[in-house]
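Colleague: please work out how this folds:
(chains A and B)
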Amino acid sequence: MKQRIAFVILLVWVAAALLEPLLPISPNEIHLPAILAAPSADFWLGNDALGRSVAERLIAGARIAFVVAFSTVFVSALAGTVIGAVSGYAGGALDHLVSRVIDIMLAFPGILLAIALAAILGPGIENLIIAISSVGWVGYARLARSQAMTLRTREHITAAIALGSGQGRIVFRHLLPLMMAPLLVEASFGLAAVIVAEAGLSFLGLGVQPPQASWGSMIREGAGFLLVAPHLAIFPGIAIMLVVLSANLLGDWMRDRLDVRQNL
Amino acid sequence: MTSRLLSALITLLGVVTLVFFLIHLIPGDPVEYILGDSARPADRNALRQQLGLDQPLLQQYRSYLANLLSLNLGNSLHSNQSVTALLAERFPATLELALAAFIIAVLIAVPLGVMAARRRGTAWDSSAMTLSLLGVSIPNFWLGPMLILLFSLWLGWTPVSGREQPGSLILPAITLGASLSAVLARMVRSTLLEVLNEDYIRTARAKGLKESSVIWRHALMNTMLPVVTLLGLQLGALLAGAVITETVFSWPGIGSLLIESIQKRDYPLVQGCVLLVAVSYLLINTTTDLLYQLLDPRIRRQ
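Modeller: Okay, the predicted model is just below:
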């Protein structure tokens, strides 16, 4: 039941994000008479300091959140998995080097590195994706590496080697498919983490730039009007919370369903 | 033990090197980026010299490491004060915040986790776990403003921001400690549930000990090792998490200094802040790791 609600919430937000360009909304349109207005019949969730519709900006923000989240999870999962799987399977000097790099990256607080990278690369969606992926791949790499190390002694791998399969074929055809379940679980938790990271960077002013709407920058703007217009900060936070909660619940559910034991 | 220390040292060098390369990641000429288009060539050259950017990369790296050993991190581009002095001025506030968040997290999480474990499967348990799930799902940059709204603006109990007034530490500490207490409560619950199945707990109960004594003296003491490890690892994470919390509450620590210096494009200062937090994080984690080995001989032997 819980999972179903979570799934529906995610689906609705993803649909809103996908359909955003087609919807009859204008998130950047300024309505001067409605500056800081409370929720009303015309504007369900009220208006911000420039009179823009909070509801429409939430939908526009959802697009940013999910574009960044899906691209980042895709890039970091792909890069991390390939690096981890190859390194764990190959072993030797390459594995030594890769695990050293993983150790160093893990010794660096992730959010700090993302902040530093976002600050240095400058604002913008692509840079956000680069900054968060540069931190995010490590988790997938560690997971894939430990998986590959346990899987490489399996009989079907030995059989494949005996049949003369090349290294690449073994990694991609015989190793990676077996790793999919834990990676899928990791990715759904990753979705939640990236949405928080994007909102956090945008909150700090390091994400998307005005007038573009992001949930994080909406909270930042709203924090300046807490007393006169608390709805500005309240609604985007509820949106983030719902999405993150749903993604986490979904991750829990997948972990139970796919019977993935947490091997940290 | 020595191999662990050696590996920590290599990691430290890696972290320090990563921070060095951060400033070289700026696309194009950093000086152009810092000063803008309208700067005079003389100013550009002066800045380039001040940052050491006129030297070859390897030379820059070497002098960066040498300066680091003498705690010289250069001067702020903005105020021309030494970065080390600026960091030393702000670090106590961050440490204070992280420690307070840590204490609050423990004070919330341990009773909550114990209660959930003792009343396993009841409504108490599920509400405690729902609360904990909420705790990890609410980002601190939203929790902060919401706490300000409720406790500072509506109820008037606490100051809105800053560090001067009494009680100004409370809200930032709760904001920073919330997600840690959520994770910790879960961990206390699950380790306690495991321990409660052990034979010596049955013995303790059979001896006729009071349930509270069984829980707090016999069971909880044995859950401490994993819990303390988690706490040690999280203390470092709190230092990094403080960046956002400090910005929300204008708390004058390293985190808000980092964001201020990013806005002013004060790169030596940005570098200093990142370096300080990263190195403290690493030191805390390594110390926890080593302490854990000292406490638990089973791990030392592996």
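
Colleague: for the longest helix that chain A contains, name the packing helices and strands.
Modeller: In chain A, with assignment by DSSP state H, the single longest helix is helix A:54-90. Counting contacts by 3 or more C-beta pairs under 8 Å, 6 or more residues apart in numbering or on different chains; DSSP states H and E, helix A:54-90 is packed against helix A:2-19, helix A:92-106, helix A:125-151, helix A:176-203, helix A:215-223, helix A:231-257. Yep, even glycine has a C-beta here, placed from its N, CA and C like the rest.

Colleague: against residue A:124, how distant is the nearest residue to residue A:147 once chain neighbours are set aside?
Modeller: Nearest non-adjacent residue to residue A:147, counting by C-beta to C-beta, 6 or more residues apart in numbering or on different chains: residue A:179, 4.6 Å away. Distance of residue A:179 to residue A:124, given as C-beta to C-beta, to the nearest Å: 33 Å.

Colleague: neighbour-wise, which of these two wins?
Modeller: residue A:179 (20 against 14; other C-beta atoms under 10 Å in any protein chain shown).

Colleague: next, residue A:207: secondary structure please.
Modeller: Here residue A:207 is recorded as coil under DSSP: H, G, I helix; E, B strand; the rest coil.

Colleague: is it true that residue B:242 touches residue B:99?
Modeller: No. Using C-beta atoms under 8 Å as the test, residue B:242 is too far from residue B:99 to be in contact (10.8 Å).

Colleague: so those two - more neighbours on which side?
Modeller: residue B:242 (28 against 14).

Colleague: and that one, backbone torsions?
Modeller: Recorded main-chain torsions at residue B:242 are phi -60, psi -20, according to degrees, to the nearest 10.

Colleague: who touches it in this structure?
Modeller: Residue B:242 sits next to B:94, B:97-98, B:101, B:176, B:251, B:253-255 when contact means C-beta atoms under 8 Å, 6 or more residues apart in numbering or on different chains.

Colleague: hmm, 10 Å instead?
Modeller: A:112, B:93-95, B:97-98, B:101, B:140, B:172, B:175-176, B:251, B:253-256, B:258, B:277 (C-beta atoms under 10 Å, 6 or more residues apart in numbering or on different chains).

Colleague: roughly how far does it sit from residue A:90?
Modeller: Distance from residue B:242 to residue A:90, by C-beta to C-beta: 40 Å.

Colleague: again with residue B:53
Modeller: 38 Å.

Colleague: quick one, what contacts residue A:166?
Modeller: Here residue A:166 is in contact with A:160, A:172-173 (C-beta under 10 Å, 6+ apart).

Colleague: what's it sitting at in phi/psi?
Modeller: phi -80, psi 170.

Colleague: can I get the CA coordinates of stretch B:137-154 in CSV?
Modeller: Taking C-alpha atoms only, stretch B:137-154 is exported to CSV below (Å, rounded to 0.1, in the frame of the first residue of the first chain):
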residue,chain,number,x,y,z
SER,B,137,13.7,12.6,3.7
ILE,B,138,13.4,16.2,4.9
PRO,B,139,16.4,18.2,3.5
ASN,B,140,18.0,20.5,6.1
PHE,B,141,17.7,23.6,3.8
TRP,B,142,13.9,23.2,4.3
LEU,B,143,13.8,22.0,7.9
GLY,B,144,15.9,25.1,8.9
PRO,B,145,13.5,27.7,7.5
MET,B,146,10.5,25.7,8.8
LEU,B,147,11.9,25.7,12.3
ILE,B,148,12.7,29.4,12.1
LEU,B,149,9.1,30.0,11.0
LEU,B,150,7.6,28.0,13.8
PHE,B,151,9.9,28.7,16.8
SER,B,152,11.4,32.1,16.0
LEU,B,153,8.7,34.0,14.0
TRP,B,154,5.5,32.5,15.3
